[in-house]
Structure formats: structure tokens, C-alpha cells
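Student: Show me how the following folds:
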Amino acid sequence: MNDHPTTNSRGQKRGCRFWLLTGLLGVVLTVAALLLAGAVYQALTTRADARHYPAPGEMVDVGGYKLHVYCTGSGSPTVILDALFPGTVSNWAWVQPEIAQTTRVCAYDRAGLGWSDSGPEPYDARKQAQELHVLLTKAHISGPFILVGHSLGGLTVRMFADQYPDEVAGMVLIEGTNPDTWNRLGLPEGVGADRNQLAIAPFLAKIGLFRLGLIPLPYAADPDLPRQQQLELQAFFDSAKSLETVRAVDNSFSSSLDQVRQAADLGPKPLAIVLGSKGDGSQALLQDLFAQQQAMSPDSFTSVIEGATHAGLVDNQQHAHQTSAVIQQVIEAVRTGQPLPLTPP
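Tutor: Down below sits the predicted model:
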């Protein structure tokens, strides 16, 4: 008579185990289905963005992968526009048309940004400068060049001038990154994101969590840009490639800063430093670092644009117009061989 309770107990345990495993399997299958649905949604919307926002310029093979360059205008010298991070050609929507009225101007996307393919790591300043040189050569874009670097774009143009000095006629640094900024501000060197979060961010993007709004994106298109360029930028930020690029740049960040610390000065070539009164140019701790940048050339000046933020120096129409006027001063100095004016525009 004792056999029956024991048998029932074992049967109940087997039944509980069955339903527990069934429940766990259901959870796993549900999660897998959601992940798959998110991945499909991300892939389809990324493809749709590629159709809706085609590259405005030319895709150029630089060694097994392609970089995007967009040139307008005609004349010499050629102005090269290198955007802030993680900006793209779209960020020059106000500046490029103004410069194109005077001379040839080419904006491009560094590897992994905008329409450019992701290239092999590292994504450091020296490699990016070399990629830019290959891009200009293969696209038959001839110098002399006036290099315009905004924020982290300043690292690339300084390395380009260091490695190819004979091709550079002048430079404009729009709150161009100084390698010692992070030490001065007491911050860890990097893009400003937690590295543990960056490690998983590309995966989260691939399953659509950022695009679906379940996790906030670290970057957003500046509403001061024209509507078309806002949409182009947002499409890039919504892509998994954007997060992969952020992680790759962060991995190479300290190397980039060390490389630029060793870069040569510009010599007697004209150099303009553009600061915003509400941007990095407003920080007292950074003033001597910007002064050091101006000291890279004896033919130089600093222009402070009142009311401009760091991004707004280029993204805001009014302030971009003033930034363009500074670039025009450097173009004129290169053309005439005359020094820059003592009073900046």
C-alpha cells in the first residue's frame, strides 16, 4: 500500500519538471523570435535608408573598401572638409555651398562614417590621413589643399599635413581637437562612452533596439541642419555600422592623440583657428591649448564666433556663414601669397 504515494510523488515531480522545461523552452523561443524579428527589422530599414538616401558623391576604392567623397565648385586651391565625430558629409550642408562659389571643395566621410565603408582597424589618425591621401589620389583630386578639420577631424588634417606637407597650402581648425584636451579636463581619453556599453552596442543595434527606441541612441542629427541632411545623418546614426565605428575609434583614440602630439607644425602656411563662444572655445582650461594650435604657424589668427556652439560652428546656418568667411580668408591668402589679415572676419 506504500507503493502508490511514492509513484504519485515521482509522477508529480516528472510533471513539474516537464512543465518547467516547457515553460523555459517557450521563453527561449519567444526571446529568439523577438531577436530575429528585431534583426530583420533592422536589416530591412537599413536597406530602405540606403535607397532613400543615396550617396551624393563618389565612392572610391582605397584598397578593398570604398570611401565617399563629394566635390563641388571649381578652381584652386582645393578645400578638403573633414567633419566632427561621428559626423559625415551631411554636416557641411551650409559651409560647402558657400565655399563652392569660390573654389573647388570636397567633403568626405572617414572610414565607417556616413556612406564610407568600414575599413580595417585601427581607426587612428595616421591611418585615416593615409586613407585620405589614397582617396584624393585615386579620385584625381589635385592640390594644393586647404585642409579644414572640425573637432576630431582636426586630428586627421594635422596628420595629413605632417605626412604630406608639400601638398598642403593652408589649414583651418574649427575647434580642432588638441591631443592634451582630455588630460587638461581630467577625463579619460576616448569618445566619452562607457567601454563596456560600447562592446555590446553594435549587437544591440543589429537587433534593432536603438532603432526601435528601446535604448536611446548616443547621437542625434542636429536640428539646425537642413531637413534633408538631418534625415541622412539620422539614417547613419540608426545603422549598426555607426556603433561599430564609434567602438573602433574609441579603441584607437589614445594612439591617435599620441600620433598628433608628434606631428610637425605647419610652418609659414596660413592657419586659422575658429572657436565658438559657447563651445570648447569658452572653456578657460583650454585657452592655452588653442593658443598652442595657433602657434603652429606665424601666419595665423583666431576667430571667435559669438553665440556658436561646438557643433553649431558648422551646423547652424548663421554661424556656418561666419565660419565660411574664415575659410575664404585662408583661400585668399593662399591665392595671393599675402599674409592673413590681422583682424579676422
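Student: show me where pLDDT drops low in this structure?
Tutor: Scanning the chain for pLDDT under 70 picks out 1-41.
Student: how's it carved up into domains?
Tutor: 1-52, 58-336 (automatic domain parsing).
Student: Just say helix, strand or coil for Val148.
Tutor: Secondary structure, DSSP: H, G, I helix; E, B strand; the rest coil: Val148 is strand.
Student: separation between it and Arg261?
Tutor: 21 Å (C-beta to C-beta, to the nearest Å). All C-beta spots, glycine's among them, are computed from the backbone N, C-alpha and C.
Student: Of the two, which one has the most company?
Tutor: Set Val148 next to Arg261 and count neighbours by other C-beta atoms under 10 Å: Val148 wins out with 32 against 10.
Student: For the more buried one, name its beta-bridge partners.
Tutor: Applying DSSP bridges to Val148 yields these beta-bridge partners: Leu81, Val172.
Student: Could you number the chain from 853 rather than 1 from now on?
Tutor: In the new count, where the first residue is 853, that last one comes out as Val1000.
Student: In contact with it, which residues?
Tutor: 931-934, 1009, 1023-1024, 1026, 1179 (C-beta atoms under 8 Å, 6 or more residues apart in numbering).
Student: just Leu919 next, same as before
Tutor: By C-beta under 8 Å, 6+ apart, the contact list for Leu919 reads 911-912, 960-963, 968-969, 971, 983, 987.
Student: ok, now Gln1080?
Tutor: Ala945.
Student: Assign a three-state SS to it, would you?
Tutor: Going by three-state DSSP: Gln1080 is helix.
Student: Please report the distance of it from Ser994.
Tutor: 30 Å.
Student: How about Gly1189?
Tutor: 19 Å.
Student: Of these two, which one has the most company?
Tutor: Remark: of Gly1189 and Ser994, Ser994 carries more neighbours, 13 against 7, as counted by other C-beta under 10 Å.
Student: in what helix or strand does Ala1172 lie?
Tutor: Taking DSSP states H and E as the definition, Ala1172 sits inside helix 1169-1188.
Student: in that helix, what's buried?
Tutor: Residues 1171-1172, 1174-1176, 1178-1183, 1185-1186 are the ones in helix 1169-1188 that count as buried (16 or more other C-beta atoms under 10 Å).
Student: Tabulate those residues (CSV), appending distance to Ala1087.
Tutor: Listed next are the buried residues of helix 1169-1188 as CSV, based on distance: C-beta to C-beta, whole Å:
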residue, distance to Ala1087
His1171, 25
Ala1172, 22
Gln1174, 29
Thr1175, 25
Ser1176, 26
Val1178, 30
Ile1179, 28
Gln1180, 31
Gln1181, 35
Val1182, 32
Ile1183, 32
Ala1185, 38
Val1186, 36
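Student: which of the residues you listed lies closest to Phe1088?
Tutor: Ala1172 (19.8 Å; C-beta to C-beta).
Student: quick one: contacts for the nearest residue to that closest one once chain neighbours are set aside?
Tutor: Of all residues not flanking Ala1172 in the chain, Trp946 sits nearest, at 3.6 Å (C-beta to C-beta, 6 or more residues apart in numbering). By C-beta under 8 Å, 6+ apart, the residues touching Trp946 are 1077-1078, 1166-1169, 1172-1173, 1176.
Student: Which single one of these is nearest to Ala1087?
Tutor: For the contacts of Trp946, the nearest to Ala1087 is Leu1077 (13.0 Å; C-beta to C-beta).
Student: residue ranges of the strands in the stretch 1053-1197 of the chain, please?
Tutor: Assigned by DSSP state E, counting those that start in this stretch, the strands in the stretch 1053-1197 of the chain fall at 1123-1128, 1152-1157.
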